[in-house]
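Undergrad: Task: produce atomic coordinates for the following.
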Amino acid sequence: MPATNAAEASEERLKRALKAFDDALPDEELIVEAVPGVAHPINRGLDGASNLLRGRSTGRTFFLKVLSPQTSSEACFKDICKTAQSAHALGIAPKLISADDAESALLFDGLTEEWTFGTVRAFRNREVRFNAVDCLKQLHETDALSTRVSVFDRIGRLKGRLNDLASTMPDSAGRIVPELYHTMCDWTSRIKTAIDASGHDDAPCKVENSLSNFMISPSGHIRLVDFDRATMTDPFFDIGVLCNEFCRTDEDIAEIVEAYRGSIHTAELARVKLYMIASAFHLGLWGIVSQYRAPKTQIEFFKYGQNQFLRCRSALARWDVGHLVRKV
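TA: Next up, the predicted model:
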């Protein structure tokens, strides 16, 4: 779809979403501010169109998200809503005011301007990162969701799409398939086998744990946003994704595992590291496939994907992954 048509389609979807929420929105003129999607250097607003709504006279704010067709086709809207509602009931997420499945749209209470999205710098504060871990732990203890999707399921689908791209563009195959691709494939396959053999109890997981999805107050409190990939899966995967965002040393990872569990268990620490590898590979695939889905986009999906592949390869070189596999 040409860029102009894509912009027009996005505008039309926004109009339909606003109409769907007419009863939930105040009877006053609304100022609509688009939140641009960014993949690099931060990852924010990539699963759909996000807009801040503000009443011209009252100043009350709302957050409106309209999922992209690709996201809505892969996500479970019911589970997105249920997870958001559970998180709000715990006091760790804004209120979901209304949702419209037909338009794949969600309307939330807006946070005040004092709340800022998470960054690596913000997560250097011990209280902030421990509060983030606690929020995920609370979410993991909520009622079960209806879908069950692992990172390995997502990897399998994306590998199929990448292979399709490479087969349809043979002259570009070397550029599409990343460096050491088959090595990463082989290791993630071994990791899946080991984790499946060890077994685990699934729980409701947020999955999308980019730091920008952790809103932080001046006092260090956390509010979770973006539940578009919520599903039942191994809760240690949630912890692994978060660790990938800001942990730089093995000591950093151990600290987060201890904060989550109250103590450090060798098998669980190994599991988190293995999920860090699998998550980086998954997001690398997602970045590359997203770039070729929308080749004219200004969002740097390709660079994001390459950075994730680099993270995956670095972890494979840094750790004795065979030892970790045996530990789980």
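Undergrad: distance of Val241 from Val151?
TA: 8 Å (C-beta to C-beta, to the nearest Å). Placement of C-beta: from N, CA and C, glycine included.
Undergrad: Quickly list what's touching both of these two.
TA: Common neighbours of Val241 and Val151 are listed as 275, 279 (criterion: C-beta atoms under 8 Å, 6 or more residues apart in numbering).
Undergrad: Would you mind telling me which of the two has the busier surroundings?
TA: Neighbour tally, Val241 and Val151, criterion other C-beta atoms under 10 Å: the higher count belongs to Val241, 26 against 23.
Undergrad: Compute the number of surrounding residues for the residue nearest to the more buried one when sequence neighbours are not counted.
TA: Counting by C-beta to C-beta, 6 or more residues apart in numbering, Asn209 is the residue found nearest to Val241 once chain neighbours are left out, at 4.3 Å. Counted with other C-beta under 10 Å, the burial measure for Asn209 works out to 25 neighbours.
Undergrad: helix/strand/coil for Asn209?
TA: Reducing the assignment to helix, strand or coil with DSSP: H, G, I helix; E, B strand; the rest coil, the entry for Asn209 is coil.
Undergrad: List the contacts of it.
TA: Under the criterion of C-beta under 8 Å, 6+ apart, the contact list for Asn209 reads 136, 238, 241-242, 245.
Undergrad: tell me the SS of Glu113?
TA: The local conformation at Glu113, judged by three-state DSSP, is coil.
Undergrad: brain fart, Gln85
TA: Local secondary structure at Gln85 is given as helix here, using three-state DSSP.
Undergrad: hey, what's the residue nearest to it when sequence neighbours are not counted bridged with?
TA: Ranked by C-beta to C-beta, 6+ apart and with sequence neighbours excluded, the top spatial neighbour of Gln85 is Leu96, at 5.6 Å. When bridges are called by DSSP bridges, Leu96 pairs up with Phe108.
Undergrad: Look up how far Ala89 lies from Leu96.
TA: When Leu96 is compared with Ala89 (using C-beta to C-beta), they lie 10 Å apart.
Undergrad: Look at those two and report which has more neighbours.
TA: For the pair Leu96 and Ala89, the greater number of neighbours falls to Leu96 (21 against 11), based on other C-beta under 10 Å.
Undergrad: and Ile97, how many neighbours?
TA: 16.
Undergrad: Verify the stated contact: it with Ala20.
TA: No - in this structure, Ile97 sits apart from Ala20 without contact. The criterion is C-beta atoms under 8 Å, and the distance is 11.9 Å.
Undergrad: For the residue nearest to Gln85, give me its contacts.
TA: 81, 84-85, 88, 106-108.
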